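*Asks:* generate coordinates for the sequence data below:
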Amino acid sequence: MRHNAKGPRLIYLFREDSSMLKKIGKASILCLIFILLVQISNGNAKTHPFVIVDIENISRYNEDRIFFQHIEMVTDEKIDNSIASLLIIKDSKVYLFRDGYDAPENVATHRLTLEMENRLIPDLWENKADGNPDYIQVTDRRTELLKNVTQDFVTKNFGEFYKNARDSFLKKHVAIFTDLMVNRKNTGLFVRREPLAKRVYDTGPVKYFISATAKTMAEYIYYAEDADGDGITETFMVSIPDGFHWGYQSGANVIFIYNNQQEDIKNVIGKLAHNAYYGTPEEEQVIKETFPKSEDITNMIEDVYRTVKTQN
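*Replies:* As a prediction, the model looks like this:
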């Protein structure tokens, strides 16, 4: 089952007069802005602004909360190109785990040395995300209680906790997004599918970019994206417009997975964009269960096309 729609264009928003905008609810405006941010009108090009989460910059600490961020293959050499962060706030204490952590000050020093020597600068972010945390920081609001960047210590003491919390959290939100797909006629699921440009030497079938956006009654905004047309979702974001953040354009504030390459995360989010366009197994089962019986169609035909006998 296919669901295709063209995304809104930015210019349309500004053509609306102010009186019209006032009639649109706050949640609708926020949802539209989110769609515009993640769906750029220039072909399949995408921008997903983000800032790596930092406890010092968190906007508030007075609520229980969990956030997961996973970033891979960022082209900016000044940003860690493979890092995951799990942030937990509970009872005003903050727990931050990182996987693939490289000390920024060490990277900056190394880069400066290479630049002074006029040498080619390789990838200086040597530690890559692999599912094993190598950094932990615990604070009571902003007062630091513990900090350790030794992988042996962090993985041995908190590795299982990290993976269980991360997987449970992701599976919960994947289930919510899947439910939004199953009930797409009531949840405003927005799906975009566009062909990817082929190179001269490409001989295979055309591949398609697919993205999907939906919003819950609680105003959680979900976004899934398969950018390279391989059928696997690489980018998955969940955000809520409640003001929680850690800086300007810090990105989705519940889940921010960007260009994932990890198999364990693929196993959780991998089919989201594909299912948004082609339909979920749950939707197929509903259709099978509600499919009309043959005799019902026969009776309908007889009823709709009933003939009236004429008297001679």
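*Asks:* drop to CA atoms for contacts and neighbour counts, all remaining ones
*Replies:* Will do.
*Asks:* in the stretch 201-312 of the chain, which spans are helices?
*Replies:* Using DSSP state H, counting those that start in this stretch, the helices of the stretch 201-312 of the chain run over 263-269, 272-278, 281-290, 294-304.
*Asks:* most packed of those helices?
*Replies:* Burial of the helices of the stretch 201-312 of the chain is given as mean neighbour count (mean count of other CA atoms under 10 Å); helix 272-278 ranks first at a mean of 24.
*Asks:* which helices and strands sit right next to it?
*Replies:* helix 151-182, strand 190-195, strand 208-215, strand 221-226 (3 or more CA pairs under 8 Å, 6 or more residues apart in numbering; DSSP states H and E).
*Asks:* the same query, at a cut-off of 7 Å, please.
*Replies:* strand 208-215, strand 221-226 (3 or more CA pairs under 7 Å, 6 or more residues apart in numbering; DSSP states H and E).
*Asks:* strand partners (parallel or antiparallel) of the last one?
*Replies:* Using DSSP bridges, the strands paired with strand 221-226 are strand 208-215 (antiparallel), strand 235-239 (antiparallel).
*Asks:* who touches it?
*Replies:* Contacts with strand 221-226, where a contact means CA atoms under 7 Å, 6 or more residues apart in numbering, come from 31, 177, 209-215, 232-240, 272-273.
*Asks:* and stretch 65-78, how far out from the chain's middle?
*Replies:* On the basis of CA atoms, centre = their mean, to the nearest Å, stretch 65-78 sits 12 Å off its chain's mean C-alpha point.
*Asks:* mind checking the end-to-end distance for that stretch?
*Replies:* End-to-end span of stretch 65-78 (CA to CA, to the nearest Å): 29 Å.
*Asks:* when you give positions from now on, start the count at 28
*Replies:* I'll keep to 28 as the first residue from here, and by that count the last item is stretch 92-105.
*Asks:* mean confidence score for that stretch?
*Replies:* The average of the pLDDT scores along stretch 92-105 is 88.
*Asks:* list the buried residues for it?
*Replies:* 93, 94, 95, 96, 97, 98, 99 (16 or more other CA atoms under 10 Å).
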